[in-house]
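[1] below: sequence and its predicted model.
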Amino acid sequence: MAEHRNPDDITRREALGRAATLSAGAWAMGALPFLSRYGEVLRRDRPNILFIFSDDHAPHAISAYGSRINKTPNLDRIANEGAIFLNSFCTNSICAPSRAVVLTGKYSHVNGKIDNSGQPFDASQQTFNKVLRKAGYQTAMIGKWHLIVDPQGFDFWQILPGQGNYYNPDFLTPAGRTHVEGYVTEIITDVTLDWLRNGRDPSRPFLLMCQHKAPHRNWMPGPKQIHLYENEEIPEPPTLFDDWRGRASPASEQEMTVRHHLQPAYDLKITPPPGSPDAAGFAGYNRMTTEQKAMWDAVYEPRNAAFRAASPQGDDLVRWYYQRYIKDYLRCVAGVDESVGHVLDWLDEAGLAENTLVVYCSDQGFYLGDHGWFDKRWMYEESLRMPFLARWPARIRAGTRIPEMIQNIDYAPTFIEMADAPVPEDIQGTSLLHLMEGEQPAEWRDAIYYHYYEYPQPHRVAPHYGVRTERYKLIYYYLTGEWELFDLVEDPHELRSVYDEPNRAELVATLKVELRRLRARYHDETGTEFPEGT
Ligand code: CA
């Protein structure tokens, strides 16, 4: 583990001496003097920023966040040696929009990328990596990009086309398309380490965005993790058999259930025996090499034979589907965790750990059988929450736990502030730097705003917007004019909307004022405005 800087180790005289010896070259390299909170003039090298991002990794599948279903020792290392944000949320729980929010620090209706399928992302707009690059950072983007258009503002990029593939993925680079044999999480790790070792100019700070495909659908584990959980039962979520009563109509009308909407071959890998007349693979399997298919079949066919023999029905079938789904999901997570461990080890070996900010997060949360679902999209907690772990030994005290509510609009201004560049005024988020350093800000938001758009396909989740405070959540489904109100203390699983209870009328009125204020504050005129006085 890296040594932590103790401010008392540097005397005022030494600090002033160091500041005085700063050369013009050091300024150009990113070393700037600054006043510490102790009033000392210190030399500060701007940190490297290693942004590790995954896809659909819910906080409740990270042990640092209290997972009941898995262990993530390397992600926990970031939390234990740095900070864990306990209330981290997205603004629009879906892949491409979340990425656009991260890059711009602006809500979907402002950056223009409101859903996965409609308008492409306008990559010519201001993004935080462009600001950092202008400020002297080297910038690299490796892995899942998912914004269709080519990245802009990166010195190096190698991205998966679209969703990418788990096995033998293609990559896009400025020089064209390449095909790489192997497992996607390991390949992204290798490219990341190769750029860190050989691809960069070590005299300048870097921003590296290492973005995994895993654990996105269809949850194909890598060869090193495929055997995990073989003879284990993963605990079921308490809401696996939710009937969606007590909520507005959209919860019943979605198409994202474990029971009915997971595809047997593609999602669950339930295929006829290899070599049988009706044998057929599925997307992802069919691009494997002969050796990879043999490895895969040797693992899944005995599992599938046991399934055929048992032939579970009804709720037992849901339970079996859940086990298959969640084990494959967690195997993919384990691959990401292992990758993070390799990268952290390399930072230690290279002597870069002390002044490198390592962030781990994912584009949104996910339903891990919660409410009987897979996928994301809703403002309900499981998909609203994003993991956000940050380690920077030079500035963040180990074991920092941060309860303030943050959102993905806050990342861009955080990284820009760390790079000592001015934060553009049109960015809608707020820098997290002072929270990370353990300061209690005099003012912080006490409510977050959310807006989801993509409808009807896929999954038929009705568009909605809403406000969440520390205790309450008010959601408006504007296609049907329905509301939900949840008391997160009395009802943490959000099983019973109390919107219509007479004794909540005053609370509803207060939250509607707050919701209208947030829509105005963030300039959101999309979606239907809710009527007065209802
Ligand atoms: Ca995603």
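    Cool, got the structure. Predicted model only: the values in this text are computed from it and were never measured. Numbering: from 1, shown residues only.
[2] poorly predicted segments of the protein, please.
    1-44, 534 (pLDDT under 70).
[3] what residues go with each domain of it?
    9-45, 48-218+328-443, 263-326, 450-521 (automatic domain parsing).
[4] residues from the stretch 351-500 of the chain in reach of the ion?
    Asp363 (C-beta under 5 Å from the ion). C-beta coordinates here come from the backbone N, C-alpha and C atoms, glycine included.
[5] and with 6 Å instead?
    Applying C-beta under 6 Å from the ion, we find that the stretch 351-500 of the chain lies next to the ion at Asp363, Gln364.
[6] same deal with the chain?
    So the chain meets the ion at Asp55, Asp56, Cys95, His216, Asp363, Gln364 (C-beta under 6 Å from the ion).
[7] host element of Ala100?
    helix 95-104 (DSSP states H and E).
[8] tell me which element Tyr465 is part of?
    Using DSSP H and E, the element containing Tyr465 is strand 464-469.
[9] and that strand, what does it pack onto?
    strand 447-452, strand 472-477, helix 505-521 (3 or more C-beta pairs under 8 Å, 6 or more residues apart in numbering; DSSP states H and E).
[10] and that strand with strand 447-452, angle?
    160 degrees (axes from the mean of the first three to the mean of the last three C-alpha atoms, to 10 degrees).
[11] 239 is where my numbering starts, stick with that
    Got it, first residue is 239 now, which makes that one strand 702-707.
[12] contacts for strand 702-707?
    The contact list for strand 702-707 (C-beta atoms under 8 Å, 6 or more residues apart in numbering) reads 327, 488, 616-617, 622, 643, 684-690, 711-716, 749, 752-753, 756-757, 762, 765.
[13] could you do stretch 463-483 as well?
    Contacts of stretch 463-483 (C-beta under 8 Å, 6+ apart): 306-307, 459, 489-490, 496, 533-534, 537, 553, 556-557, 560-561, 564-565, 568-570, 572-573, 576, 606-610, 731, 733.
[14] how close does the residue in the chain positioned nearest to the ion sit to Arg615?
    Using C-beta to the ion, the point where the chain gets nearest to the ion is Cys333, with a distance of 3.5 Å. Distance of Cys333 to Arg615, given as C-beta to C-beta, to the nearest Å: 10 Å.
[15] Pro641 too?
    Counting by C-beta to C-beta, the gap from Pro641 to Arg615 is 26 Å.
[16] what's the answer for Arg755, then?
    25 Å.
[17] which of the two has more residues huddled nearby?
    Using other C-beta atoms under 10 Å as the criterion, Arg755 and Arg615 rank with Arg615 on top: 27 against 13.
[18] buried residues in stretch 395-411, which are they?
    395-398, 401-407, 409-410 (16 or more other C-beta atoms under 10 Å).
[19] which stretches of the stretch 489-638 of the chain form helices?
    528-548, 552-588, 619-622 (DSSP state H, counting those that start in this stretch).
[20] before we move on, what about the stretch 339-488 of the chain?
    346-349, 366-372, 422-432, 488-491.
[21] can you redo those helices as JSON lines with distance to Val705 and mean neighbour count?
    Listed next are those as JSON lines, based on distance: least, C-beta to C-beta, whole Å; neighbours: other C-beta atoms under 10 Å:
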{"stretch": "helix 346-349", "distance to Val705": "16", "mean neighbour count": "22"}
{"stretch": "helix 366-372", "distance to Val705": "26", "mean neighbour count": "21"}
{"stretch": "helix 422-432", "distance to Val705": "36", "mean neighbour count": "21"}
{"stretch": "helix 488-491", "distance to Val705": "17", "mean neighbour count": "17"}
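[22] need the residue closest to the centroid of this structure.
    Ser600 (1.1 Å; C-alpha atoms, centre = their mean).
[23] that residue contacts Ser292, correct?
    Yes: the criterion here is C-beta atoms under 8 Å, and Ser600 meets it with Ser292 at 4.5 Å.
[24] what do those two both touch?
    Between them, Ser600 and Ser292 share no contacting residue, judged by C-beta under 8 Å, 6+ apart.
[25] mind putting the helices of the stretch 339-488 of the chain into JSON lines with distance to Phe359?
    JSON lines is the format used below for these (distance: least, C-beta to C-beta, whole Å):
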{"stretch": "helix 346-349", "distance to Phe359": "7"}
{"stretch": "helix 366-372", "distance to Phe359": "13"}
{"stretch": "helix 422-432", "distance to Phe359": "21"}
{"stretch": "helix 488-491", "distance to Phe359": "27"}
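[26] which of the ones you listed sits closest to Val596?
    helix 422-432 (12.0 Å; C-beta to C-beta).
[27] with only the CA atoms kept, save the closest one in PDB.
    Extracted C-alpha coordinates of helix 422-432, given in PDB (Å, rounded to 0.1, in the frame of the first residue of the first chain):
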ATOM      1  CA  VAL A 422     -12.900  -8.600 -23.800                       C
ATOM      2  CA  THR A 423     -12.200  -7.700 -20.100                       C
ATOM      3  CA  GLU A 424      -8.700  -9.100 -20.300                       C
ATOM      4  CA  ILE A 425      -8.000  -7.400 -23.700                       C
ATOM      5  CA  ILE A 426      -9.100  -4.000 -22.400                       C
ATOM      6  CA  THR A 427      -6.900  -4.500 -19.400                       C
ATOM      7  CA  ASP A 428      -3.900  -5.400 -21.600                       C
ATOM      8  CA  VAL A 429      -4.400  -2.400 -23.900                       C
ATOM      9  CA  THR A 430      -4.700  -0.200 -20.800                       C
ATOM     10  CA  LEU A 431      -1.500  -1.500 -19.200                       C
ATOM     11  CA  ASP A 432       0.300  -1.300 -22.500                       C
END
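[28] so that helix versus helix 552-588, what angle?
    Using the same axes, to 10 degrees, helix 422-432 lies at 10 degrees relative to helix 552-588.
[29] hmm, who's touching helix 422-432?
    Contacts for helix 422-432 (C-beta under 8 Å, 6+ apart): 380-381, 396, 398, 402-405, 407, 418, 446, 448-452, 460, 462, 570, 573-574, 576-577, 580-581, 584.
[30] list buried members of these by neighbour count.
    So, by 16+ other C-beta under 10 Å, the buried ones in the contacts of helix 422-432 are 380-381, 396, 398, 402-405, 407, 418, 446, 448-452, 460, 570, 573-574, 576-577, 581, 584.
[31] so how far is the helix holding Ala338 off the chain centroid?
    10 Å (C-alpha atoms, centre = their mean, to the nearest Å).
[32] which strands or helices does it pack on?
    Using 3+ C-beta pairs under 8 Å, 6+ apart, helix 333-342 sits against helix 346-349, helix 366-372, helix 649-656.
[33] so which of the ones you listed comes closest to Thr509?
    Here helix 346-349 is closest among those (C-beta to C-beta), at 37.6 Å.
[34] which strands or helices does that closest one pack on?
    helix 333-342.
[35] can you list contacts of the helix it packs on?
    If you take C-beta under 8 Å, 6+ apart as the criterion, helix 333-342 is touched by 291, 293-294, 328-330, 345-346, 348-354, 359, 363-367, 383-386, 454, 601-602, 624, 646-647, 649-650, 665, 691.
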